[in-house]
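Peer 1: What follows is a predicted structure for the sequence shown.
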Amino acid sequence: MEAISMENVSKNYGDVRAVDALSLEVPAGQVVALLGPNGAGKSTAVGITLGLVRPDAGRVSLFGAPPAEAAARGRVGAMLQDGALVPNLTVREVVGFVRGLYPAPMPLDGVLEIAGLTALAGRRTGALSGGQAQRVRFATAIAGAPGVLVLDEPTAALDVAARRAFWAGIHAYAGEGRTVLFATHRLEEADENADRVVVVARGRVVADGTPAEIKARVGGRAVRFALGDQPAAGLDRLPGVTGLEVRGGVATLRTGDPDGVVAELYRTGLRVRDLEIVTPALEDAFLSLTSKER
Ligand SMILES: Nc1ncnc2c1ncn2[C@@H]1O[C@H](COP(=O)(O)OP(=O)(O)OP(=O)(O)O)[C@@H](O)[C@H]1O
């Protein structure tokens, strides 16, 4: 049975179609990124997954049950974009309280350790930094030992070191066969942390695969070399070239056949220096996929 199943789910806000016939099946144990630009519909999709937003059409289930039922059984944990903490309680008290709401919670010390809060357990939550407070939200999300963890832009307010520590905690949690669905607009975050990247634009899935597959889908690879002040005329018509860009004296030829293009390039008689074959960054793939939709 799939951990998360969304079938043809749609949601409108007035004239805005926030989610448009979105389908997504996530097997247990997968870490999935919902990657898309601002306004793509990620938060709405996350809200629907959690049963917080009612879709206009379509079906959602978590382990075969409606989201509200899965939540009531403690099978889903969530970390949303905003979430206040009770300021006068200590970290241990807050996490302990939330833990007590679930039928089969994780041991308290285990939660604190995974979330990186052991040394902060006695601190009042009102005296935590933004990154530390975010770790408490993470701890409350996992306290009930949910099989599915849903995170909406979980590291938006964190610096690089805090992000790294945060993801180490998520991976420690996910490593035990749990499922994680996280929304992000940060490409490298999806690339580094997800087994699978689902690219969303205008409420629809525009690509779905491993980070490597997503990159491979957009125009294969590129041959790049220093052109200097030589003319670029004709390079875009070389056999196998699907796109040409010249910037700062460097030419980038997009192609599905880099070896063939290199051979053609040497036949032109141009002086070719600093030749390299590159795979486009996830960022290029992402822009290309989401802009096609516009
Ligand atoms: N409660 C609401 N009322 C009206 N419109 C909404 C509401 N929530 C979302 N929308 C609209 O639906 C679309 C999708 O929004 P959503 O927040 O799901 O996108 P997102 O991908 O999470 O964006 P971001 O990365 O900016 O958080 C946007 O056009 C947004 O303005």
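Peer 2: Cool, got the structure.
Peer 1: residue contacts, the closest residue to residue 256 other than its chain neighbours?
Peer 2: Nearest in space to residue 256, with sequence neighbours left out and distances taken as Cβ to Cβ, 6 or more residues apart in numbering, is residue 220 at 3.9 Å. For the C-beta atoms, the positions are set from N, CA and C on the backbone; glycine is no exception. With contacts defined as Cβ atoms under 8 Å, 6 or more residues apart in numbering, residue 220 is in contact with 242, 254, 255, 256, 257, 258.
Peer 1: And the average pLDDT for stretch 17-34 is what?
Peer 2: Across stretch 17-34, pLDDT averages out at 96.
Peer 1: Now do the phi/psi pair for residue 168.
Peer 2: Per-residue torsions, residue 168: phi -60, psi -40 (degrees, to the nearest 10).
Peer 1: Give me the number of neighbouring residues for it.
Peer 2: By other Cβ atoms under 10 Å, 12 other residues sit near residue 168.
Peer 1: contacting residues around it?
Peer 2: Contacts of residue 168 by Cβ under 8 Å, 6+ apart are residue 116.
Peer 1: Tell me which residues touch residue 109, please.
Peer 2: Applying Cβ under 8 Å, 6+ apart, the residues near residue 109 are residue 118.
Peer 1: Any figure for the gap between the residue of the stretch 51-200 of the chain found nearest the ligand and residue 161?
Peer 2: Nearest to the ligand in the stretch 51-200 of the chain, going by Cβ to the nearest ligand atom, is residue 185, at a distance of 5.0 Å. From residue 185 over to residue 161 the distance is 21 Å, taken as Cβ to Cβ, to the nearest Å.
Peer 1: quick one: which of the two has more around it?
Peer 2: Set side by side, residue 185 and residue 161 show more neighbours around residue 185, with 17 against 9, by other Cβ under 10 Å.
Peer 1: And the pLDDT for the more buried one?
Peer 2: pLDDT for residue 185: 87.
Peer 1: Could you do residue 79 as well?
Peer 2: pLDDT, residue 79: 88.
Peer 1: Is it correct that it is in contact with residue 156?
Peer 2: No - between residue 79 and residue 156 there is no contact under Cβ atoms under 8 Å: 11.0 Å.
Peer 1: Compare neighbour counts for the two and give me the winner.
Peer 2: residue 79 (21 against 14).
Peer 1: quick one, what contacts the most centrally placed residue in the chain?
Peer 2: Closest to where the C-alpha atoms of the chain average out (Cα atoms, centre = their mean) is residue 33, at 2.9 Å. Contacts for residue 33 (Cβ under 8 Å, 6+ apart) come out as 182, 183, 184, 189, 190, 193, 194, 196, 197, 198.
Peer 1: next helix or strand past the helix or strand where it lies?
Peer 2: Here residue 33 sits within strand 31-35, counting by DSSP states H and E. Once strand 31-35 ends, the next helix or strand along the chain (criterion: DSSP H and E) is helix 42-49.
Peer 1: That next one and the ligand, are they touching?
Peer 2: Yes - Helix 42-49 comes into contact with the ligand (Cβ under 6 Å from any ligand atom), by way of 42, 43, 44.
Peer 1: Which positions in the stretch 1-150 of the chain make contact with the ligand?
Peer 2: Counting by Cβ under 6 Å from any ligand atom, the stretch 1-150 of the chain sits next to the ligand at 13, 16, 18, 36, 38, 39, 40, 41, 42, 43, 44.
Peer 1: could you dump those to CSV with neighbour count?
Peer 2: Compiled in CSV, those are given as follows (neighbours: other Cβ atoms under 10 Å):
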residue, neighbour count
13, 11
16, 12
18, 24
36, 27
38, 7
39, 14
40, 24
41, 24
42, 25
43, 20
44, 26
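Peer 1: wait, isn't residue 124 in contact with residue 94?
Peer 2: No - counting by Cβ under 8 Å, residue 124 stays clear of residue 94, with 9.5 Å between them.
Peer 1: ok, these two, which is more surrounded?
Peer 2: Neighbours were counted for residue 124 and for residue 94 using other Cβ under 10 Å; residue 94 has more, 21 against 16.
Peer 1: and the more buried one, what is it in contact with?
Peer 2: 85, 86, 125, 136, 140.
Peer 1: For those residues, give me a markdown table that also has neighbour count.
Peer 2: Below are the contacts of residue 94 laid out as a markdown table (neighbours: other Cβ under 10 Å):
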| residue | neighbour count |
| --- | --- |
| 85 | 17 |
| 86 | 12 |
| 125 | 20 |
| 136 | 22 |
| 140 | 22 |
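Peer 1: Show the model's pLDDT score for residue 292.
Peer 2: pLDDT at residue 292 comes out at 58.
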